[in-house]
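[1] Next come a sequence and a model predicted from it.
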Amino acid sequence: MTPVFRTPAAARLMALYRQGLDRWPVPSAHTHVPTRQGETFLVSFGPEGAPPLILLHGAQSNAASWMFDAAVWAAAFRVHAIDMIGEGGQTARVLAFLTGGGECPAAAASGTA
């Protein structure tokens, strides 16, 4: 795996990201889940025991992209917004070359894997 996000600006970006997570519109839990490709960060919210919903952000983004929809999703689901590996977030800062055999970090965190 190749390291990415190595510039001094990356530390400033991560500080801004953490500040954004502190303003999440509904109560949330933050979890780091180990996977074969590196550690994956999840923002989980919504009622425990509600049907699970996994949110995957687009390229060059992170779990915070779901922040403005969080209250809507949390009304009916236990949501796990994932920071995709290799993207800008609190997950492994590597370019993962996926060759199969990967794991679903949200399923591992919720015990449904």
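    Yep, it's here.
[2] can we go C-alpha only for contacts and neighbour counts from here?
    Will do.
[3] ranges for the helices of the chain?
    Ranges of helices within the chain are 8-22, 70-74, 105-110, based on DSSP state H.
[4] Need the ones you listed in CSV (columns: distance to Ile54).
    Below are the helices of the chain laid out as CSV (distance: least, CA to CA, whole Å):
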stretch, distance to Ile54
helix 8-22, 18
helix 70-74, 10
helix 105-110, 7
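[5] quick one, which of those is nearest to Ala29?
    Closest to Ala29 of the helices of the chain, according to CA to CA: helix 8-22, at 10.1 Å.
[6] Looking at that closest one now, give me its mean pLDDT.
    The average pLDDT for helix 8-22 rounds to 81.
[7] what does stretch 40-49 give?
    94.
[8] go on, stretch 52-68?
    87.
[9] Quick one: end-to-end length of it, please.
    19 Å (CA to CA, to the nearest Å).
[10] List the buried residues for it?
    Neighbour counts over stretch 52-68 (16 or more other CA atoms under 10 Å) mark Pro52, Leu53, Ile54, Leu55, Leu56, His57, Asn62, Ala63, Ala64, Trp66, Met67 as buried.
[11] what bridges to the third one?
    Legend: beta-bridge partners of Ile54 under DSSP bridges are His80.
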